[in-house]
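Chemist: next input, structure requested:
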Amino acid sequence: MKNFYSIKQYILVLLGLLVGYTGYGQRCTPDEKPNILFIAVDDMNDWVGFLDGNPGMKIHTPNIDRFAASSMIFTNAHTPAPACAPARTAILTGVHHARSGVGNVYWGDGPKWREFPALKDVETLEQFFKNRGYKTLGAGKIYHSQAPPWTATSQAEPANWDFYFPSAYISHPFQIRAPKEVIYPPDVDNESRPGGKGWWTWGPIQVPDNKMADYHVVDWARYQLSQEHKKPFFLAAGVWKPHDPWEVPRKYFDLYPLDSIVLPVCKENDLDDAVDHGRRWIFQWVVDNHQWKKIVQAYAAAITFSDAMVGRLLDAFENSQYADNTIVVLWSDHGMHMGEKENFEKFTLWEESTRVPLVISVPGLTRAGSRCDQPVSLMDIYPTLAELTGFERPSHLDGQSLVPQIKDPEAGRKPVITSYKFAWAEKPFSGHAVRSRRYRYIYYPEINREELYDHETDPNEWDNIAYQKAYKSIIDEHRAILLEMMPDLSWEEDTHGQ
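Modeler: A predicted model of the protein is given here:
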C-alpha cells in the first residue's frame, strides 16, 4: 500500500501546522478531506498472524498481515464488550455501554439501542461524517444484525447512509449452508448440542468463494472504490466470517488437516479460582463429543476465508485512485475462546474474548511496521477519526484519540474497560474488566468477586492473584479506573491477603 501524501496534501498539512492545527488535512475544504475505509471483521480473535495469539499453530492470514506490515498495529487492543450487539453499539455511538446501560444482546428489527436514554440523541460515527459533508456508504455487518442463517435484519439507521448494500434493513445477502449430514453428524449428541440445531455448527461447503455472502459484500465495496465520488467518502464494509456457523468453502478446511490441528494450551480445572460464567457445560459437550479439533479446524478455516475476502477489498483499494488519500481502519468487534479457560465462543472478560486485531493506516502519518503495545480500546476509533479528519471531537465520546500513539507508540495511555452482563446465569450478574499494559483486573459487583492476572508472568491468565496481599495496591489502581466511568460502583468488605 502506498503510504505517503500527494504533493498537494503535503503542502496543505504543512500550512495547517504553521497556523497551529494538528489534524490530518485540517485546513482542507470538505471535498479535500481524506476518505475513510472502515473494515469490520466479525468474531476474529488474536490468532491472526501479526498478533500470533495461537503460537502452537500457524493460522494463514497473508492479506491482513500484509496490511499490518504497511500500517500501525495495536497489539493490546480490546473491545468494550465481548458480544456483537453491545460492542458495535458502543463503538459506533462512542458511548461505552457501561455508561449507556446497553449491557446485553438484543434481537429483533430496528435500532433498539436508541431506546436507551443515553443514546437517544447521540451522533453516531457515520452520522458524524454525513453531517460534515461526507458520502456515507455501507455494506455487510457494521451494526449488529441477525445475519445468515437467520433473517439478516440490521440495527443500522437507514437515514445515516447514502447507500447500504444489500439494504440498510438487511445487512447480508443469503448464505448457503453446509449439508445437514456435515453439520449434524450422527455420531454427535445433536439433541443436547449448544444452540440446538440452529446456529452452532461447523463444516466445509462444496462451493467456490463467489457463492458466499461475504464475497458479494466485498464485491460491492470494490465497485465503490472504482467509482468517481464528488465528496469524500466514509465506506464501511463488514465481513461476517469468522462468526459462526463456521462453514466456509472446502479449500480453506484443506489448509488445516485434522491431524495437524494443535489445540490451545489449557489448564485443568482452570476455573477453580475464577468465575464460572455458566457456559462451562459447552466446553464439556465439545470434549465429550470429540469435536474440539474439528471446531479449531473450522474456526481457523473461517479466519482464512475472511482474510481472503479482506484481501480482495485491500487489493481493489490499493489499485484505486483513493490509495493516497484514504485512512484505513481494520478491526474486529471482539475475540473468541477456542477452549481456553474451559470456554468456547466469546461472552467472557478474559483475554481471548476481549483482545482484537486493530490496524490503522493514515497516509503520511503512520509508519510501516509500527507497533503500539499500550492498552487501547475500540472506543478510541471514533475520536481518532474525528481528529485525523480535522473536526472537533464530539463531547459525548468515551474513547481517547489514538493520534498520540500513532505519532509515538510509547506515548502514555490510560487502561481500558470491557464490560458485560451475564444474563443467562441463574441469577444474572455483570462484570467489568480493566486491561492495563501489564495486568487484567476483573470485578463482578453482584457476586463480590475479583480476579487479577499478571500478563508478564501469566499470559494465559491461569492464576488469579487478586486475593494476595502483595497486589492490593495494584487492585486499588485498577478499581480507580472503573470508578472514573462508574462512580456508583462499590466494593464490599476487603478480603485481600486473608
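Chemist: got the buried residues for stretch 206-225?
Modeler: Buried residues in stretch 206-225, counted by 16 or more other C-beta atoms under 10 Å: 209, 212-222, 224-225. Where you see a C-beta, it was placed from the backbone N, CA and C, and this is true even at glycine.
Chemist: go through those residues and name the one nearest Gln175.
Modeler: Nearest to Gln175 among those, counting by C-beta to C-beta, is Ala213 at 4.2 Å.
Chemist: confidence score at the closest one?
Modeler: Looking at Ala213, its pLDDT reads 95.
Chemist: surely it touches Ser171?
Modeler: No - the pair Ala213 and Ser171 does not pass the contact test of C-beta atoms under 8 Å, sitting 9.4 Å apart.
Chemist: reformat the buried residues of stretch 206-225 as TSV; add secondary structure.
Modeler: Formatted as TSV, these follow (DSSP: H, G, I helix; E, B strand; the rest coil):
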residue	secondary structure
Asp209	helix
Met212	coil
Ala213	helix
Asp214	helix
Tyr215	helix
His216	helix
Val217	helix
Val218	helix
Asp219	helix
Trp220	helix
Ala221	helix
Arg222	helix
Gln224	helix
Leu225	helix
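Chemist: so which of those residues would you say is closest to Gly339?
Modeler: Proximity of the buried residues of stretch 206-225 to Gly339 (C-beta to C-beta) peaks at Asp214, which lies at 25.5 Å.
Chemist: where's that closest one relative to Gly140, distance?
Modeler: 7 Å (C-beta to C-beta, to the nearest Å).
Chemist: shared neighbours of these two, anything?
Modeler: Counting by C-beta atoms under 8 Å, 6 or more residues apart in numbering, the contacts common to Asp214 and Gly140 are 172, 239-240.
Chemist: confidence-wise, which of the residues you listed comes last?
Modeler: Where pLDDT dips furthest among those: His172, at 86.
Chemist: check the secondary structure at that one for me.
Modeler: Look at His172: counting by three-state DSSP, its state is coil.
Chemist: next, it: phi, psi?
Modeler: Note on His172: backbone dihedrals following degrees, to the nearest 10 are phi -140, psi 150.
Chemist: so it sits against Ala156, correct?
Modeler: No - using C-beta under 8 Å, His172 is not in contact with Ala156, being 11.8 Å away.
Chemist: which of these two has more neighbours?
Modeler: Shown here are His172 and Ala156; by other C-beta atoms under 10 Å, Ala156 has more neighbours (28 against 25).
Chemist: list the contacts of Leu397.
Modeler: Residues near Leu397 by C-beta under 8 Å, 6+ apart: 94-95, 379, 382-383, 386.
Chemist: now it. Its backbone dihedrals?
Modeler: Main-chain dihedrals, Leu397, degrees, to the nearest 10: phi -70, psi 140.
Chemist: residues in contact with the residue lying closest to it once chain neighbours are set aside?
Modeler: Among residues not flanking Leu397 along the chain, Gly94 sits closest, at 4.0 Å (C-beta to C-beta, 6 or more residues apart in numbering). Neighbouring residues of Gly94 by C-beta under 8 Å, 6+ apart: 122, 124-125, 379, 382-383, 394, 396-399.
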